[in-house]
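Asker: The following block contains a protein sequence and its predicted model.
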Amino acid sequence: MASRLEKLQFIVGLVDKASGPAGKIVAQIDQITQRAQKGMQKIATGAGGLFATGYALNSLMGPSVEMSRALGEVKSLDVSDSALKMLKKTALKTSVQYGDSAADIVRSSYDIQSAIGGLSDLELSSFTRASAVLAKGTKSDTSTITDYMGTMYGIFKNSADAMGKSQWVEQMTGQTATAVQMFKTTGSEMAGAFGNLGAEAQSHGVAISEQMAVLGQLQATMSGSEAGTKYKAFLAGVGKAQDELGLKFVDSQGQLLPMMDILDKLRGKFGDTLDVAESDALKKAFGSKEASGLIKLLMQDMDGLQSNIGKLDNISGMEQAEKMAKSIADPWERLGAAGTAIKTIFGQIMQPVLVPAAEWLIRMGENVVTLTDKYPTLTKVIGVAVLVIFGLVAAVSAFALASGIAQVALAGLQTVLLAARIGMLLFSAALWANPITWVVLGIAALIAAIVMAVRHWDDIKAAALGFVDDVMAKLADLKTWVAGLNPFQALGPGIDWLIKKINLIPGININTKGSQPSVDPAASLGGPEDLRGGSRGLQRESIVPSGGLQQQINNRGTTIEKMEVNTTGGVNGFQLTDELMMAGG
């Protein structure tokens with residue numbers, strides 16, 4: 001534990017010593033870095049300005065450029081400028097109404113123009129707008145609906161030309177949208193149904209409203225493409241079936257009767273429902289199970305089929321498609337489309353000014369390319385110079401990056417150092433505050449003491465014996481000094497003083513010259529009962545022992561062999577004590 005703490009302290013100290021020189025180096029690096037940063041800031045400011053200008057110009061001109069590209073694609077199909085102008089206006093208006101991209105709407109007209117030749121300016125715009133609205137209202141992509149428009153025109157070309165292409169496309173758009181709503185399908189499924197059906201029904205003189213109703217009702221239990229396949233199989237076998245069944249399914253001109261008339265004839269022959277034998281007879285008559293399957297499905301709801309055909313036949317415009325498209329259109333998409341349309345308009349106005357500048361830059365680029373081919377050596381020198389400049393910029397950038405990394409690393413090292421110091425303090429405080437630490441240290445100290453005692457036993461033994469010898473010698477000297485000591489010699493002056501004070505008491509005379517001390521009986525201080533308590537009831541022993549005071553004291557060579565105090569005269573002990581104290585005053 002202590003070893004780890006010492007290692008940590010060593011590391012912290014080493015880092016402290018290294019921090020000073022490192023700080024000076026970092027300060028010098030900071031100076032260089034500051035210069036590099038100033039240069040970088042200028043570069044960044046200039047580049048940022050150019051970038052911002054370019055971004056703003058691109059943001060403003062981007063929609064216009066996209067529109068120009070889309071118009072250029074359509075123009076490649078020999079579309080007149082007047083048709084393009086009308087197409088652009090129609091696309092911008094439609095995009096704002098339904099939130100779609102105007103450029104994408106223009107691009108969709110490319111497929112329309114490719115599929116339908118000879119469209120006028122108005123007809124191209126009408127087909128393009130109808131496709132965009134139908135795609136939005138039926139939740140289909142524009143390309144699918146554009147193909148659907150081309151397919152439908154190919155199927156109903158005669159009807160479209162006779163009615164007028166613009167009017168026909170609006171009616172067909174409205175009928176398709178209604179069918180999608182009525183049969184809970186999509187524009188893509190209807191496109192798949194008519195794609196598989198083709199022109200079979202049209203060749204039999206079947207109206208578009210009846211075709212949509214039949215295909216739509218079949219899609220209640222199958223996909224659009226499967227519905228088209230079944231309908232096509234029915235039309236292929238209807239001529240043979242009338243011979244097999246002995247029923248007539250065509251009119252006097254050889255045109256196929258309406259579907260409701262055919263179903264009425266079949267119901268009259270087989271009844272409202274078909275059993276297994278009747279189903280087999282239908283299958284044999286029409287030549288396929290697909291045809292018999294169509295008949296059985298339609299016969300289940302002939303009233304509904306009749307109603308749906310009537311609804312679709314009454315549609316003459318695309319109002320239903322527009323209503324559905326507006327319901328689906330998102331307001332925020334429309335807002336974004338409006339902003340894009342405004343940018344497109346302004347961009348189109350600015351293009352006559354910017355395009356010449358762009359063409360001038362293009363020519364400059366062409367001239368540079370020509371010069372690089374004509375002067376390869378100069379091109380090489382310029383290229384090397386550019387590389388050197390970029391290399392210097394890269395070097396300064398790398399140095400600034402390294403400096404930043406170094407500063408961050410130094411800051412991190414200082415943080416770690418501070419954390420290490422705090423950790424040592426906390427560790428030490430926790431260590432010494434823990435009672436276990438003291439126990440461990442006590443055990444460690446005991447073990448260390450035992451180890452030292454074992455290793456240096458001879459030295460410890462010799463030192464202990466030497467100490468004992470010294471103590472014994474000192475004790476011997478003390479014994480000799482005590483033996484020759486006369487304790488009463490030091491008390492001599494004190495005894496003389498005491499005797500003088502006692503002699504001041506009346507009736508007492510102590511002779512220190514060897515004569516007998518005497519006490520005047522006449523000056524007796526009281527009876528013996530006073531010394532022993534007497535009648536006063538005091539339980540104190542006399543301060544003068546019975547038989548007198550006999551003591552041998554050496555006082556400057558004077559010997560007091562005997563001192564007697566005769567208390568016969570009635571010396572009061574308490575009074576004697578008091579008088580002694582007063583005399584010693």
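Answerer: Great, that's in hand.

Asker: and the strand or helix carrying Gln320, what other elements does it pack with?
Answerer: Assignment of secondary structure by DSSP states H and E places Gln320 within helix 319-328. For helix 319-328, the elements it packs on are helix 81-98, helix 121-137, helix 165-182, judged by 3 or more CB pairs under 8 Å, 6 or more residues apart in numbering; DSSP states H and E. Backbone N, C-alpha and C define where each C-beta goes, glycine included.

Asker: what comes up buried for that helix?
Answerer: For helix 319-328, the buried set under the neighbour-count rule, 16 or more other CB atoms under 10 Å, comprises Gln320, Ala321, Glu322, Met324, Ala325.

Asker: Tell me the helix or strand right after that helix.
Answerer: helix 331-374.

Asker: helices and strands around that next one, which ones?
Answerer: With contacts taken as 3+ CB pairs under 8 Å, 6+ apart, helix 331-374 sits against helix 2-75, helix 81-98, helix 102-115, helix 376-433.

Asker: Outline the domain layout of the chain.
Answerer: Here the domain parsing of the chain from automatic domain parsing is 69-329, 444-483, 492-583.

Asker: quick one: which of those domains is nearest Asn367?
Answerer: The stretch from these with the least distance to Asn367 (CB to CB) is domain 69-329; that distance is 25.9 Å.

Asker: Read off the pLDDT value for the closest residue to Ile208 other than its chain neighbours.
Answerer: With CB to CB, 6 or more residues apart in numbering as the measure, Phe156 is the residue that lies nearest to Ile208, at 5.9 Å, once sequence neighbours are left out. Here, the pLDDT recorded for Phe156 equals 90.

Asker: I figured Phe156 was touching Val169, is that so?
Answerer: No. The pair Phe156 / Val169 is not scored as a contact, 10.1 Å apart, by CB atoms under 8 Å.

Asker: more neighbours, the two?
Answerer: Between Phe156 and Val169, Val169 has the larger neighbour count (other CB atoms under 10 Å), namely 26 against 20.

Asker: The more buried one: what's its closest spatial neighbour, skipping adjacent residues?
Answerer: In space, not counting the residues next to it along the chain, Val169 is nearest to Ala130; the distance is 4.8 Å by CB to CB, 6+ apart.

Asker: what do you get for Val79?
Answerer: Setting aside the residues directly before and after it, Val79 is nearest to Gln113 in space (CB to CB, 6+ apart), at 6.3 Å.

Asker: And for the one you found, the neighbour number?
Answerer: Neighbour number of Gln113 under other CB under 10 Å is 23.

Asker: Correct me if wrong: the residue nearest to Val169 contacts Glu170.
Answerer: Yes. Counting by CB under 8 Å, Ala130 does reach Glu170; the two are 6.0 Å apart.

Asker: And Asn434, what's its pLDDT?
Answerer: 62.

Asker: repeat for Arg129
Answerer: Residue-level pLDDT assigned to Arg129 equals 94.

Asker: Does it touch Thr94 like I think?
Answerer: Yes. Using CB under 8 Å, Arg129 is in contact with Thr94, at 5.3 Å.

Asker: What count of nearby residues applies to Ala191?
Answerer: 25.

Asker: what residues are up against it?
Answerer: Listed by CB atoms under 8 Å, 6 or more residues apart in numbering, the contact partners of Ala191 are Ser140, Thr144, Ile145, Asp147, Tyr148, Thr151, Gly224.

Asker: Kindly indicate the member of those residues with the most neighbours.
Answerer: Sorting the contacts of Ala191 by how many neighbours each has (other CB under 10 Å) puts Ile145 first, at 27 neighbours.

Asker: Which secondary structure state does that one sit in?
Answerer: Using DSSP: H, G, I helix; E, B strand; the rest coil, the three-state assignment for Ile145 comes out as helix.

Asker: how far away is the closest residue to it other than its chain neighbours from Lys230?
Answerer: Of all residues beyond its chain neighbours, the one nearest Ile145 is Ala135 (4.1 Å), with distances taken as CB to CB, 6+ apart. According to CB to CB, to the nearest Å, Ala135 stands 26 Å off from Lys230.

Asker: again with Gln211
Answerer: When distances are taken as CB to CB, Gln211 and Lys230 turn out to be 13 Å apart.

Asker: hmm, back to that, common neighbours of Ala130 and Glu170, please.
Answerer: With contacts defined as CB under 8 Å, 6+ apart, the residues shared by Ala130 and Glu170 are Met318.

Asker: quick one: low-confidence parts of the stretch 301-450 of the chain?
Answerer: Applying pLDDT under 70 to the predicted model, the residue ranges of the stretch 301-450 of the chain that meet it are 396, 399-400, 403, 406-418, 420-441, 446.

Asker: Then the stretch 151-300 of the chain?
Answerer: Applying pLDDT under 70 to the stretch 151-300 of the chain flags no residue at all.

Asker: Going along the chain, name the helices of it.
Answerer: Taking DSSP state H, counting those that start in this stretch as the criterion, the stretch 151-300 of the chain carries its helices at 157-163, 165-182, 187-197, 200-203, 208-218, 224-245, 259-270, 276-286, 289-299.

Asker: where does Gln489 land on pLDDT?
Answerer: As predicted, Gln489 sits at a pLDDT of 59.

Asker: Spatially nearest residue to Met61, not counting backbone neighbours?
Answerer: Nearest non-adjacent residue to Met61, counting by CB to CB, 6+ apart: Gly347, 4.8 Å away.

Asker: for the one you found, what are its contacts?
Answerer: Contact analysis of Gly347 by CB under 8 Å, 6+ apart lists Leu60, Met61, Gly62, Pro63, Ser64, Val65, Met67.

Asker: Can you tell me which of these is closest to Gln175?
Answerer: Comparing every one of the contacts of Gly347 with Gln175 (CB to CB), the shortest separation belongs to Met67, at 31.5 Å.

Asker: Could you pull up the residues touching that closest one?
Answerer: Listed by CB under 8 Å, 6+ apart, the contact partners of Met67 are Lys88, Ala91, Ala102, Ala103, Val106, Thr344, Gly347, Gln348.
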